[in-house]
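[1] I need the structure of the sequence given here:
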Amino acid sequence: LVQKKLDQFAIVSNLISRFVQEDLRDAKSTKPAIEKNLRQYLKSSPAEVIFGIGVWFKPYAFDGHTRLFGPYVHRGDPKNHKLEDVMTYEWNTEAYNYPNQDWYKAGIAMNGESAFVEPYFDSGLVYVTNSRVFYNTKNEVIGVISVDMILPQLQELVASQSEPGLEHVLILNRAGQLLAHPLKEAFFEKKKITDGQENQSLLNYSPEQLNEGLHLDHSSWIKTAIVQEQLGWKIVIESSESSLYPDLQRYRESLLFSFLFLWGIILGALKILSQRDHERKLSAEKIEQGRSQLVQSAKMAALGEMASGVAHEINNPLTIIIGKVHIVERILRQHNIQQDEAQKALLKITETAERIGRIISGLRSFSRSGDQDPFMREKLQRVVDDTISLCAERFRNNGIVLKIGAVPDVELNCRLTQISQVFLNILSNAFDAVQAQPLKEVEIQFTFDDATKRLNIIFTDTGPGIPAGIAKSIMQPFFTTKPVGKGTGLGLSISTGIIEDHHGCLILDQSSAKTKFIITLPYFETSFEAKSHAVIISTNKSRNEA
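    Next up is the predicted model:
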């Protein structure tokens, strides 16, 4: 679990610094826009590993009048467990002069890649920083992005995984200095050390010095260690014999009383060891699942870049196919050739190519993040059509009925790509939920709330439902109930943020017998009647009937 959290910091901090780097490439970046993006990235990152995010411009790079401009947003006081984010410019002083700091220089030296800086003391806390430069539109370096973890976060992590007197989990940096130890508080209290004052922290001590200060003899304890590659930190587990084999002493005493119980005790011991081995394997599998989930989220970031290029490459030959069909049709008409079968085949080729073109158009649009697009008035029908073009065939081929109610003739003030992404995320979850059910149905309905003048878009499926315990966490980042490789735990979290940016809300209706998600958005009236009839997409034995 400790290694998983360190892996999570390495992966997520890399993702955040890369995303912020792309955001800042726009030469028109303003102070409010930068602050808003930093708050959003901090809000969506795991609180147990990400403490703060900063953007630090090179002197006079933000504008010609300001030497130092570096907004930094961080979580509240970690000692009081206040998690409200705080936007600050307190390090923009000549006394601190951040361009001279090691973490800033490390980012500059990496030529666009990220650098993990060795832990350092700053303002009463020990920080671990992921640094990366960012550029302007001319590809010139104009500053450094920092994504930070603080040692109190590591301290809470190792304390939760240790059992005092039996098993200790501790973390060392590359130099062998302590970053976290479950007995830190006891050691500081005994030595009358105040954490943070006069740069006093665990970094000043080794494990041997801590044991000596507390008069502990762990020479007989069994030590195991693993290294987190990107950070170079060593996770050490110190285990007493009694923690690894809690029943050993009882077995020895039993042997003294009666030799007759020897074989029974041996068999009992083998059974316990077998069970413990099984539990350790299960625990290892869960850790690997968590790591795979984080890696999958990183792959998703690259997928969007790839999809746009693939769509462009496929669209070119499709244009040639449609053009050649039109030439053949014109030749047939000019020579008055009445070939019904040929005409039908050409019509089928044209329809198929145009259908592929619509799918590619939807894919190219969906592959973009859309978070920088302007809000525009779009017909709801277009949003539905763009989404269905990407998933209808998948539903049909897997025997899942997709019912779409009459789409109201209304317009949304939205970013089309982002709203389509939300629809597709919810439909993809519904697809997975109903796939193994006897009744495979997914339905989209539309209703109006006259009191608030808002449109309700209702997604219902016949899946097994979402238990109450899971429902409370389903919108949180990195939470998923899907197997490894099938879900990143980001779909509903990202979707919630997108809908909130559109002045709406996304909720799970727990009162419904079926699984039901409801999106509520403001709309513009064009007509109170729906122009299109209800549509049912299903899979029957005959494709023509479908």
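
[2] for the stretch 401-546 of the chain, which spans come out with low pLDDT?
    Within the stretch 401-546 of the chain, the stretches with pLDDT under 70 are 473, 476-491, 527-546.

[3] Sketch out the helices for it, chain order is fine.
    Taking DSSP state H, counting those that start in this stretch as the test, the helices found in the stretch 401-546 of the chain are 416-434, 468-471, 491-501.

[4] ranking the ones you listed by burial, who's on top?
    Stretch with highest mean neighbour count among these: helix 416-434 (a mean of 21; mean count of other Cβ atoms under 10 Å). To be clear about C-beta, it is placed using only N, CA and C from the backbone, and glycine gets the same treatment.

[5] What helices and strands are in contact with that one?
    helix 340-367, strand 376-379, helix 380-397, strand 441-449, strand 454-461, helix 491-501, strand 515-522 (3 or more Cβ pairs under 8 Å, 6 or more residues apart in numbering; DSSP states H and E).

[6] How many neighbouring residues does residue 223 have?
    By the measure other Cβ atoms under 10 Å, the count of residues near residue 223 is 12.

[7] Quick check, it in contact with residue 236.
    Yes - assessed by Cβ atoms under 8 Å, residue 223 is found in contact with residue 236 at 6.1 Å.

[8] just to revisit the earlier point, so which of the helices of the stretch 401-546 of the chain comes closest to residue 31?
    Of all the helices of the stretch 401-546 of the chain, helix 491-501 sits nearest to residue 31, with 19.4 Å by Cβ to Cβ.

[9] what residues does that closest one touch?
    40, 44, 415, 418-419, 421-422, 425-426, 428-429, 474-479, 505-506, 519, 521 (Cβ atoms under 8 Å, 6 or more residues apart in numbering).

[10] returning to that earlier point: export the helices of the stretch 401-546 of the chain to TSV and append columns for distance to residue 511.
    Putting those into TSV (distance: least, Cβ to Cβ, whole Å) gives the following:
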stretch	distance to residue 511
helix 416-434	18
helix 468-471	11
helix 491-501	19
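
[11] Could you say which one of those comes nearest to residue 154?
    The nearest among these, by Cβ to Cβ, is helix 491-501 at 24.5 Å.

[12] Between strand 515-522 and the closest one, find me the angle.
    Calculated by axes from the mean of the first three to the mean of the last three Cα atoms, to 10 degrees, helix 491-501 forms an angle of 20 degrees with strand 515-522.

[13] Sketch out the low-pLDDT regions of the stretch 51-200 of the chain for me.
    77-83, 195-199.

[14] could you show me where the strands are in it, in order?
    For the stretch 51-200 of the chain, the strands defined by DSSP state E, counting those that start in this stretch cover 52-57, 72-74, 86-88, 115-122, 125-135, 141-150, 167-172, 178-180.

[15] Please name every helix or strand in contact with the third one.
    This points to strand 86-88. Packed next to strand 86-88, using 3+ Cβ pairs under 8 Å, 6+ apart, are helix 31-44, strand 72-74.

[16] go again using 6 Å as the cut-off
    strand 72-74 (3 or more Cβ pairs under 6 Å, 6 or more residues apart in numbering; DSSP states H and E).

[17] coming back round to it: so which of the helices of the stretch 401-546 of the chain is nearest residue 157?
    So among the helices of the stretch 401-546 of the chain, helix 491-501 is nearest, using Cβ to Cβ, at 22.1 Å.

[18] chain center to that closest one: distance?
    12 Å (Cα atoms, centre = their mean, to the nearest Å).

[19] Can we start the residue count at 575 from this point?
    All set: I'll call the first residue 575, so the last point we hit is now helix 1065-1075.

[20] So what angle separates the directions of that helix and strand 1028-1035?
    170 degrees.

[21] so which of the helices of the stretch 975-1120 of the chain comes closest to residue 785?
    That would be, of these and by Cβ to Cβ, helix 1042-1045, which comes in at 41.4 Å.

[22] between the helices and strands packed on helix 990-1008, which one is nearest to residue 749?
    That would be helix 1065-1075 among the helices and strands packed on helix 990-1008, by Cβ to Cβ, at 37.4 Å.

[23] how about the closest one as CSV, C-alpha atoms only?
    Only the C-alpha atoms of helix 1065-1075 are listed here, as CSV (Å, rounded to 0.1, in the frame of the first residue of the first chain):
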residue,chain,number,x,y,z
GLY,A,1065,-15.0,9.0,-15.9
LEU,A,1066,-17.7,10.1,-13.4
SER,A,1067,-15.4,12.4,-11.6
ILE,A,1068,-14.4,14.2,-14.8
SER,A,1069,-18.1,14.2,-15.9
THR,A,1070,-19.2,15.8,-12.7
GLY,A,1071,-16.7,18.6,-13.1
ILE,A,1072,-17.7,19.2,-16.8
ILE,A,1073,-21.4,19.5,-15.9
GLU,A,1074,-20.7,21.8,-13.0
ASP,A,1075,-18.7,24.0,-15.4
